[in-house]
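**Student:** with the input below, show me the fold.
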Amino acid sequence: MWIRQACAALAVSLLFGVPSQAGSLPEGFVYLKDYVPDIRQEIRYAGRKNFMRKRLPGYNAGECVLTEAAAKALGKVQNTAVSKGYSLVVFDCYRPQSAVDAMVAWVASGNGTDPAYFPNVSRSQLIRQGYIGAKSSHARGSTVDVGLDSLASARPPSEANRVCSRSDRGTIDFGTPFDCFDPASRTDSGAVSKTAQAYRRDLVALMRKGGFRNYPGEWWHFTLTKEPFPGRSFNFAIDRR
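**Tutor:** Numbers count the residues shown, from 1 in each chain. Coordinates of the predicted model:
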């Protein structure tokens, strides 16, 4: 019996990772600020500024955690971005599977729309329409949600968003804010201004050059092409370093 229990425990640890002590990470994972401290972090799920309006499970600190490979690649992207007058801003990085599960349960427990996050899609349809996934690449540790800020003394003026009644302060205007669950957030959407379309192309080009591929349904979502854990999901908590 104990052999079966030990094997089961080992299987779980291999699938989800071993819970870390405060400030420690599983092998292969790092804190982004230790590699690229000049990238600004706006980790939305560690607070209330997100579509669920509460801190999600596993986000014990507003820290960007990534695989070491993804962090190094993002550092190269930042270097290129700075040379072009931009800086990266990250909204989400590694996402514990417990947070993914909480999102799924939240979708199933309600209806209606939200003008700030999903004005045209019912909450109950967010999974069916592809805006939230029961399995997330974020749980593999090499996916990042990212925007750009201008390094110029004056940020380009923002245009009024046609959908989602909010904006991402401290970033340039991509036509929709991060986590705006609407067709206008598709990377190639023509529903946003020409300026916003150009910013999206710039971001995709920067990230592609650094080895990241874009998810076409969300202009902010990128995954490292050569991710080290393509078949695994992790569930360790994010603690303050």
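
**Student:** next SSE downstream of the worst-scoring helix or strand of the chain on mean pLDDT?
**Tutor:** Every helix and strand of the chain was ranked by mean pLDDT, DSSP states H and E. The lowest is helix 2-16, at a mean of 37. Per DSSP states H and E, the first helix or strand lying C-terminal to helix 2-16 is strand 29-31.

**Student:** off-centre distance for the helix or strand just after that following strand?
**Tutor:** Scanning forward in sequence from strand 29-31 by DSSP H and E, the next helix or strand is helix 32-35. Here helix 32-35 is found 16 Å from its chain centre; the criterion is CA atoms, centre = their mean, to the nearest Å.

**Student:** pLDDT weak spots in the chain?
**Tutor:** Within the chain, the segments meeting pLDDT under 70 span 1-23, 155-157, 159-161.

**Student:** quick one, helices of it?
**Tutor:** 2-16, 32-35, 68-83, 97-108, 194-209 (DSSP state H).

**Student:** in JSON lines: these, plus distance to residue 26 and mean neighbour count.
**Tutor:** From N, CA and C alone the C-beta is placed, and that goes for glycine too. Shown next, in JSON lines, are the helices of the chain (distance: least, CB to CB, whole Å; neighbours: other CB atoms under 10 Å):
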{"stretch": "helix 2-16", "distance to residue 26": "10", "mean neighbour count": "10"}
{"stretch": "helix 32-35", "distance to residue 26": "15", "mean neighbour count": "16"}
{"stretch": "helix 68-83", "distance to residue 26": "11", "mean neighbour count": "19"}
{"stretch": "helix 97-108", "distance to residue 26": "13", "mean neighbour count": "18"}
{"stretch": "helix 194-209", "distance to residue 26": "25", "mean neighbour count": "17"}
